[in-house]
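Q: Please work out how this folds:
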Amino acid sequence: MGFWNKLFSGKEKTTSTRIKGDFIPFFVKCDKCGEEITVRINRRTDVQNLYADPGEEEAAYTLKKEILGKKCSHLMNIEIDFDRNYRIISKNISGGKFIAPQ
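A: Residues are numbered from 1 along each chain as shown. Reported below is the predicted structural model:
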């Protein structure tokens with residue numbers, strides 16, 4: 001029974017990792033009040049496909065999102081471009097700044 005438990009427990013772990021892999025975390029800080037916000041982007045629903053021609057080195061996906069914190073009503077806007085493997089090509093923010101995870 002130990003062999004079968006190990007075999008099937010590995011499959012459960014990969015399934016949960018795949019579900020967590022659909023989210024891309026970003027960490028931003030508001031310029032006005034200094035609030036630090038963690039934004040989880042769902043790459044299946046939040047990111048838009050750009051439909052580039054095959055072989056082009058341009059961005060494949062783009063994200064435009066508005067972020068509002070709990071402390072103030074200052075709105076932050078982020079725009080991020082990704083390649084086909086969801087690696088960041090460029091990112092811009094207005095009303096705040098990107099910070100390192102803590």
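
Q: For the most centrally placed residue in the chain, report the pLDDT, please.
A: For the chain, the residue nearest the mean C-alpha position is residue 24 (2.5 Å; CA atoms, centre = their mean). Residue-level confidence at residue 24 comes out at 90, pLDDT.

Q: Can you point out the helix or strand that includes residue 26?
A: strand 23-30 (DSSP states H and E).

Q: residue ranges of the strands in this protein, please?
A: Along the chain, the stretches classed as strands by DSSP state E are 23-30, 36-42, 48-49, 61-68, 75-82, 88-94, 96-98.

Q: which residues touch residue 49?
A: Neighbouring residues of residue 49 by CB atoms under 8 Å, 6 or more residues apart in numbering: 60, 61. Bear in mind the C-beta positions are built from the backbone N, C-alpha and C, glycine included.

Q: meant to ask about residue 50
A: By CB under 8 Å, 6+ apart, the residues touching residue 50 are 58, 59, 60, 61, 62.

Q: For residue 28, see how far away the last one is.
A: This points to residue 62. Distance, residue 62 to residue 28, using CB to CB, to the nearest Å: 18 Å.

Q: Mind checking which of those two has more residues around it?
A: When residue 62 and residue 28 are compared on other CB atoms under 10 Å, the one with more neighbours turns out to be residue 28, at 21 against 15.

Q: unless I'm mixing things up, the more buried one is touching residue 35, no?
A: No. In this structure residue 28 lies outside contact range of residue 35 using CB atoms under 8 Å: 9.0 Å.

Q: Give me the distance between residue 40 and residue 58.
A: 26 Å.

Q: err, residue 77, not the other one
A: Residue 77 is 22 Å from residue 58, by CB to CB.

Q: low-scoring stretches of the protein, by residue?
A: 1-20, 52, 55-57 (pLDDT under 70).

Q: Recalculate using a threshold of 50.
A: 11-19 (pLDDT under 50).

Q: for the closest residue to residue 65 other than its chain neighbours, what are its contacts?
A: Take residue 65 and drop its neighbours on the chain: the residue closest to it by CB to CB, 6 or more residues apart in numbering is residue 78, 5.2 Å away. By CB under 8 Å, 6+ apart, residue 78 lies in contact with 26, 28, 39, 63, 64, 65, 67, 91, 92, 93.
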